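[1] could you look at this predicted model? Sequence included:
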Amino acid sequence: MRNVGKLTEGAILLAAFAAILLITIYVPLIGSILNFVLPLPFMMFAAKNNVKNIAAFFIAAVIISFIAGSFLGLGFMLMYGVIGTVIGYLLQKNRSRTTILISSSLIFMAGLVIMYAVSVAFFKFDFIHELTEAYKQSAKMSEELLRSMGREDQIAQINKQNELLINTLQTLAPSLLIVISIISVFVIQWICFPIIKRFGIKVQPWGHFRNLSLPKSLLWYYLIAIVVRILGHPAEGTYLFTVITNAVYILELFMVLQGLSFLFFILHRRSVAKGLGVFVTILAFMIPIVHYIIMILGITDLGFDFRKRFEKKE
């Protein structure tokens, strides 16, 4: 009877996955949102079953996804199916939300890289190149518009700005990939976890953001990257330049995160409404001066243990 129950549960979840996959592929507008629900059937099954049953469920999903959507369906299944399976298995082992976020983000990032490589190698479609070319065409149209309006003196300046933006985007592509992966996995968890809770699957709660404290080693990595960039003067376009630029960008985001956490910590200690912290957070990603102030706050908090000093004074 127990095996029959497992088979029934697996069949229902596979049917749900197939329905979501078909909508994702053939109804792009709805599918762009619904694809975040694709890992849900895998989470629910992996959270309640052993490795043998999970493997059987995964193989069945591979066959169904190929029948439903050919290679595109198979690509979606492998990417979101692996993420859902890993998240479900980690939930079964009662792992923390942070561990689940980091693990699934790495898998999502690897999936994006593999999909990009397959797209370029087999389908001759380079998304980054196409995006760059589309932007160049847009810039060319803007140039023609300025010329027709008699503002040719501005063309050189705009072309220089466009070239700088394109080079920056190409250089920071790895960092953007990391950020996209983390945000995507966070959205997946935000949507799916409340659903699986209703089915009796235990999910560890997030800790308070104000108590977040990143490893101090990140501060040393950041300082090393800054020193290498200043003293080493890596030439633009070289491998070292790309590595250092991306390292500084990602580590600065961590410092900002630490700074925002410390800000919320202070506001909580002073019994100030959270709305102020949310407002400052929005400003930190919109206004450069606020961004750098919060980043410096994060660096000093990480380096000098301001929270402990704050608690001792109280």
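    Received, thanks.
[2] host element of residue 265?
    For residue 265, the enclosing helix or strand under DSSP states H and E is helix 239-269.
[3] next one: residue 170
    Per DSSP H and E, residue 170 falls inside helix 155-171.
[4] the inter-axis angle of that helix versus helix 239-269?
    Computed with axes from the mean of the first three to the mean of the last three Cα atoms, to 10 degrees, the direction of helix 155-171 lies at 80 degrees from that of helix 239-269.
[5] continuing past helix 155-171, what's the next helix or strand?
    helix 173-197.
[6] surely residue 211 meets residue 265?
    Yes. In terms of Cβ atoms under 8 Å, residue 211 counts as a neighbour of residue 265; the distance is 7.3 Å. (Each C-beta comes from the backbone N, C-alpha and C, glycine too.)
[7] so which of the two has more stuff around it?
    In this view residue 211 and residue 265 are compared by other Cβ atoms under 10 Å, and residue 265 has more residues nearby, 22 against 11.
[8] any idea how far the residue nearest to the more buried one when sequence neighbours are not counted lies from residue 251?
    Once flanking residues are discounted, residue 265 sits nearest to residue 210: 4.2 Å by Cβ to Cβ, 6 or more residues apart in numbering. Distance of residue 210 to residue 251, computed by Cβ to Cβ, to the nearest Å: 21 Å.
[9] quick one: the helices in the stretch 1-150 of the chain?
    With helices called from DSSP state H, counting those that start in this stretch, the stretch 1-150 of the chain shows them at 2-26, 28-34, 40-46, 51-92, 97-123, 127-148.
[10] what pLDDT does the closest residue to residue 10 other than its chain neighbours get?
    The shortest distance from residue 10 to any non-neighbouring residue, by Cβ to Cβ, 6+ apart, is to residue 57 (5.3 Å). Looking at residue 57, its pLDDT reads 90.
[11] again with the one 5 residues further on
    What the model reports as pLDDT for residue 62 is 90.
[12] residues near it, how many?
    If you count neighbours by other Cβ under 10 Å, residue 62 ends up with 15.
[13] one more: the one 10 residues further on?
    Taking other Cβ under 10 Å as the neighbour definition, residue 72 ends up with a count of 14.
[14] for it, give its distance to residue 80.
    Residue 72 sits 13 Å away from residue 80, going by Cβ to Cβ.
[15] can you check residue 209 too?
    27 Å.
[16] next: residue 17.
    Per Cβ to Cβ, residue 17 is found 9 Å from residue 80.
[17] then residue 130?
    Relative to residue 80, and taking Cβ to Cβ, residue 130 is found at 24 Å.
[18] so for those two, which sits in the more crowded spot?
    Shown here are residue 130 and residue 80; by other Cβ under 10 Å, residue 80 has more neighbours (28 against 10).
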